[in-house]
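Undergrad: For reference, the sequence and a predicted model appear below.
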Amino acid sequence: MSAVHKRFNEGLPNEAAVLHGIDLTVAPGEFASLIGPSGSGKSTLLNLIGLLDRPSTGEYLLKGVSIGDASDDERTRARLDTLGFVFQFHHLLPEFSALENVMLPGLMRDGAFTPAIRAGARELLAAVGLADAIDKRPGELSGGMQQRVAIARALALAPDLVLADEPTGNLDTHSADEAFALLRRFNREQGCAFIIVTHDPRLAARCDRVIELRDGMIERDGAVTRTPVATDAT
């Protein structure tokens, strides 16, 4: 995206400018964190990238195609074809099984639970360690297991980019580390890019790139520097 601004309540006395000229490019396969204090514009930016909202001004290219003037139907199709979402709260449908929850993106795209969608969902649940829980409903799963189902659902249509908004914020330390490791693994194995919003500096430091927002502007954007592990001379 280039020179993106976002204002709410435009033309009204309570108009508020939230983003001020955002320039941001995410390359295929990148694993980036998005950090910043509350009110800095992180959720607004994520909503724009995820096609859940439209910028006030500026240009947004998705896979090289301008998406700014796309219709709502075209934006919905682009979300299904290109993007995956993981949220702090899993947002699983309580009346659906784990398998059915993972199949939902395929249902939205194809209009039915096809055999291919079912097989892919089974594979993803096995990949996140839930092969024995495919028939369980969310209420029968722990918080960490629910978030693993949500991660599998985000990957169901093999997205190019996964947007994760505080994906470990509702988990204990052990479950958070497990969930983060899954995101990292799918990034490496499938080559999908990730943008992870987090308040946890430990997780941000484990990403490859840190994008820091402050007052609606990108204050810092660069690679994470890691200190080499010292080894004994032989």
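TA: Ah, there it is. Model, not experiment: these values are computed from the prediction.

Undergrad: C-alpha only now, for contacts and for neighbours.
TA: Fine.

Undergrad: Surely residue 58 is within a strand?
TA: Yes. Judged by DSSP: H, G, I helix; E, B strand; the rest coil, residue 58 forms part of a strand.

Undergrad: any idea how far residue 169 is from it?
TA: Noted for residue 58: a distance of 31 Å to residue 169, by Cα to Cα, to the nearest Å.

Undergrad: Do you have the helices of this protein handy? List them.
TA: 42-49, 72-82, 98-110, 115-127, 143-154, 173-190, 201-205 (DSSP state H).

Undergrad: residue contacts, the residue nearest in space to the middle of the chain?
TA: For the chain, residue 163 is the residue whose C-alpha lies nearest the centre (Cα atoms, centre = their mean; 1.5 Å). By Cα atoms under 8 Å, 6 or more residues apart in numbering, residue 163 lies in contact with 46, 50, 83, 84, 85, 86, 194, 195, 196.

Undergrad: right, and residue 215 touches residue 38 too?
TA: No. Residue 215 is not in contact with residue 38 according to Cα atoms under 8 Å; the separation is 9.5 Å.

Undergrad: got any ranges where this protein has weak pLDDT?
TA: Along the chain, segments meeting pLDDT under 70 span 226-234.

Undergrad: beta partners of residue 210?
TA: residue 33, residue 222 (DSSP bridges).

Undergrad: Against residue 65, how distant is it?
TA: Taken as Cα to Cα, the span from residue 210 to residue 65 is 25 Å.

Undergrad: who has more neighbours, those two?
TA: residue 210 (22 against 8; other Cα atoms under 10 Å).

Undergrad: Would you enumerate the residues in contact with the more buried one?
TA: Contacts of residue 210 (Cα under 8 Å, 6+ apart): 32, 33, 34, 35, 204, 220, 221, 222, 223, 224.

Undergrad: again, only this time at 6 Å
TA: 32, 33, 221, 222 (Cα atoms under 6 Å, 6 or more residues apart in numbering).

Undergrad: between those, which has the most around it?
TA: residue 33 leads the contacts of residue 210 on contacts (other Cα under 10 Å) with 27 neighbours.
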